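> Would you be able to build a 3D model of this:
(one chain, ligands or ions: 2)
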Amino acid sequence: MRHSLELSRRRLLGVGAAGLSTLALSGCGNLDFLGNDGSARNFLARANSLTYRIQRALAGNALAPEYAETEIRQGQRPNGSRDPSSPEYLTLKAADFVDYRLTIDGLVDRPLSLSLSQLQNMPSRTQITRHDCVEGWSCIAKWTGTPLAFLLDQAGVQPSARFVVFHCFDDLGSSRSGPSLYYESCDLIDARHPQTIAAYGLNGRALPVANGAPLRIRVERALGYKQPKYVHRIELVSSFSKLGGGKGGYWEDRGYDWFGGI
Ligand SMILES: Nc1nc2c(c(=O)[nH]1)N[C@H]1C(S)=C(S)[C@@H](COP(=O)(O)O)O[C@H]1N2
Ligand SMILES: [Mo]
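Ligands and ions are numbered 1, 2, ... in the order given. A predicted model of the protein is given here:
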């Protein structure tokens, strides 16, 4: 029973995934097949009903498609927060991020605090990939950054760690329950994927504020909301049930699928 259910779900999602990956999109454009009428959300709602185990099995270890320079048609279209206003962020921005530090802590052997120039002097990877936002647009851009796997190895991930949480500077509006800071998370497979980078460069220049300066994460096989901007802390955890609303991310706490794979 279980096996055949898994197979039919596999087929169902397989069609969706193939449809997505064969889309001929250039530069920034609309995901026409998803429509602008909320059908993208329906697609997500369907993904929501799949278990993590099945989605993880389907995702495998494939690389996200990479593109040629000529396929970059315009700058990365900013979305969500574009200019964080927290005092801490404004102070760092005013000094061109020289005092910025990326903290890596939680379930690690050696907690790290890294400046931007330290990050820029580590091994780097540059990749031209397509960003897909669930709001119905895509954009091809060139990202440069430090492989997250390298950073994790520097910190030494403890065996009890299961997820990597990315904490961001931007607050998307306080509510009765306190501030709503943007955060995201992924499993260690996505975190160690060769295309997962802590990016400080976009299209050959320093990452602009609108796109997450000074550092944002690229997890290339995941949807736009899984690409956190303005990251200041990477925390290794065994569970994210006590963070934010407990669903593993700002948008996940508001109903989006946690896996968010493409
Ligand atoms: N910190 C932070 N990260 C974020 C967001 C945000 O509002 N705050 N928005 C997400 C969404 S929905 C998308 S589509 C992308 C947009 O990235 P871009 O502005 O570089 O295009 O960032 C994601 N990461
Ligand atoms: Mo998005």
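
> thinking Lys247 is in contact with Asp253, fair?
Yes - proximity of Lys247 to Asp253 meets the contact threshold set by Cβ atoms under 8 Å, at 4.7 Å. Bear in mind the C-beta positions are built from the backbone N, C-alpha and C, glycine included.

> near ligand 2, which residues of the stretch 151-262 of the chain show up?
Counting by Cβ under 5 Å from the ion, the stretch 151-262 of the chain comes close to ligand 2 at 224-225.

> Let me see the ranges of the strands in the stretch 151-262 of the chain.
Ranges of strands within the stretch 151-262 of the chain are 163-171, 181-187, 197-202, 205-206, 216-218, 231-237, based on DSSP state E, counting those that start in this stretch.

> Make JSON lines from the ones you listed and add distance to ligand 1 and mean pLDDT to it.
Formatted as JSON lines, the strands of the stretch 151-262 of the chain follow (distance: least, Cβ to the nearest ligand atom, whole Å; pLDDT from 0 to 100):
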{"stretch": "strand 163-171", "distance to ligand 1": "4", "mean pLDDT": "98"}
{"stretch": "strand 181-187", "distance to ligand 1": "4", "mean pLDDT": "98"}
{"stretch": "strand 197-202", "distance to ligand 1": "8", "mean pLDDT": "98"}
{"stretch": "strand 205-206", "distance to ligand 1": "13", "mean pLDDT": "98"}
{"stretch": "strand 216-218", "distance to ligand 1": "7", "mean pLDDT": "98"}
{"stretch": "strand 231-237", "distance to ligand 1": "7", "mean pLDDT": "98"}
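
> Present the ones you listed as CSV; the columns should include mean neighbour count.
Listed next are the strands of the stretch 151-262 of the chain as CSV, based on neighbours: other Cβ atoms under 10 Å:
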stretch, mean neighbour count
strand 163-171, 23
strand 181-187, 23
strand 197-202, 23
strand 205-206, 12
strand 216-218, 24
strand 231-237, 21
